[in-house]
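A.B. asks: turn this into a model:
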Amino acid sequence: MAGAPTVADLIWWTSRGPHATTRAAVNQQLLDRAATAWGASVRHVWDRGYCGSPWVQAALAAGVSFVLRWKQGVKLLDTRGNARKAWEIARGKRSQSYRMLRDPQTKQLIKVGIVAIPVTLVDHPQPLWLVVARLGGGREPWYLLTADPIHTLADAWAVVLAYARRWQIEGAWRVSKSELAFESPRVQDWEVRQKLLLFATLAYAFLLHLLAPPLADLCACLVRVWCHRTGKRYQRMALPLYRLRAALSRLCIAAPPPGLHQPRLNSG
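C.D. replies: Numbers count the residues shown, from 1 in each chain. Here you go, the predicted structure:
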């Protein structure tokens with residue numbers, strides 16, 4: 001996509017030292033950059049950590065399309081102008097449509113009902129929509145807030161389906177934290193930490209490059225030989241980056257490139 005960020009555009013931030021900043025300031029900076037690069041052509045998906053009037057107002061000011069999971073206990077204004085919690089606004093309203101969707105965690109089909117309700121923030125007059133997805137089976141409903149107009153049930157389902165894909169984002173964070181050790185650096189100096197994170201970023205970009213179509217067959221061979229797994233679940237699932245990284249690691253240990261000396265164990 002034109003204008004998409006590159007590795008050189010990544011931002012690392014800290015709350016300590018001479019380069020200290022805040023999460024709110026960094027989020028605002030990233031939001032401004034995304035709005036400049038993509039405008040309203042990209043729909044942003046935010047989880048409950050972004051729930052709150054200040055961030056919604058920032059998104060409205062930036063003019064971006066978004067889906068934000070609202071906390072059920074945080075208040076909004078209903079159609080009568082009364083400040084009520086999200087679950088209270090949806091209480092008693094029958095689902096307007098049903099659909100069978102696949103749970104991103106269990107991979108099982110579940111019956112989901114939705115209802116779309118016009119709302120506004122307590123301290124901002126911009127019309128918004130609260131799309132409530134009822135998952136059934138004792139699961140907590142999704143309270144999804146968006147500024148995109150909901151004219152049809154298809155518009156409401158588009159909001160739900162956009163949020164349902166968030167699990168792919170969680171999977172990307174899992175790889176970054178566990179396999180690429182984004183959470184592991186234990187250094188205080190900002191320049192040293194930045195170098196370590198940049199190395200991890202380059203490794204991540206290298207793994208993504210290997211998944212490109214020209215090298216797809218090579219990746220499949222690497223994983224099959226050096227990180228073999230059995231079972232239908234592993235045969236059906238998409239190739240995860242952590243298996244590719246493990247395969248490359250085992251290949252390098254078994255057959256190191258020329259000039260790479262293996263450490264010798266002390267026999268004394």
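
A.B. asks: pLDDT below threshold where in this protein?
C.D. replies: The model of the chain has pLDDT under 70 over residues 1-10, 105, 172, 175, 179, 181, 183-185, 230-240, 256-268.

A.B. asks: those helices in it, which residues are they?
C.D. replies: 23-38, 53-62, 86-90, 153-164, 166-174, 190-210, 216-226, 232-236, 241-254 (DSSP state H).

A.B. asks: deepest in the core, which of these is it.
C.D. replies: Of all the helices of the chain, helix 86-90 carries the top mean neighbour count, a mean of 20, counting by mean count of other CB atoms under 10 Å. All C-beta spots, glycine's among them, are computed from the backbone N, C-alpha and C.

A.B. asks: which other residues reach that one?
C.D. replies: Outside helix 86-90, the residues that touch it by CB atoms under 8 Å, 6 or more residues apart in numbering are 70-76, 78, 115, 117, 119, 130, 132, 141, 143.

A.B. asks: got the domain boundaries for this protein?
C.D. replies: The record's domain parsing of the chain by automatic domain parsing lists 1-38, 45-53+63-164, 187-254.

A.B. asks: now tabulate these in CSV and tack on distance to residue 173.
C.D. replies: As requested, these are arranged in CSV below (distance: least, CB to CB, whole Å):
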stretch, distance to residue 173
domain 1-38, 15
domain 45-53+63-164, 11
domain 187-254, 12
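
A.B. asks: quick revisit: tell me the buried residues within the contacts of helix 86-90.
C.D. replies: Buried members of those, counted by 16 or more other CB atoms under 10 Å: 70, 72, 74-76, 78, 115, 117, 119, 130, 132, 141, 143.

A.B. asks: nearest to residue 196, of those residues?
C.D. replies: Ranked by distance to residue 196 (CB to CB), the buried ones among the contacts of helix 86-90 are led by residue 70 at 36.4 Å.

A.B. asks: contacting residues around the closest one?
C.D. replies: Contacts of residue 70 (CB under 8 Å, 6+ apart): 48, 51, 76, 86, 130, 143-145.

A.B. asks: same thing but at 10 Å, please
C.D. replies: Residue 70 makes contact with 46, 48, 50-52, 56, 76, 85-87, 119, 128, 130-132, 142-146 under the criterion CB atoms under 10 Å, 6 or more residues apart in numbering.

A.B. asks: which ones among these map onto strands?
C.D. replies: Judged by DSSP state E, these include 46, 76, 85, 119, 128, 130-132, 142-146 as members of strands.

A.B. asks: which residue, other than its chain neighbours, is closest to residue 204?
C.D. replies: The shortest distance from residue 204 to any non-neighbouring residue, by CB to CB, 6 or more residues apart in numbering, is to residue 180 (5.6 Å).

A.B. asks: next: residue 75.
C.D. replies: residue 83 (4.7 Å).

A.B. asks: how many neighbours does that neighbour have?
C.D. replies: Neighbourhood size, residue 83 [other CB atoms under 10 Å]: 13.

A.B. asks: was I right about it contacting residue 76?
C.D. replies: Yes. Between residue 83 and residue 76 there is a contact under CB atoms under 10 Å: 7.3 Å.
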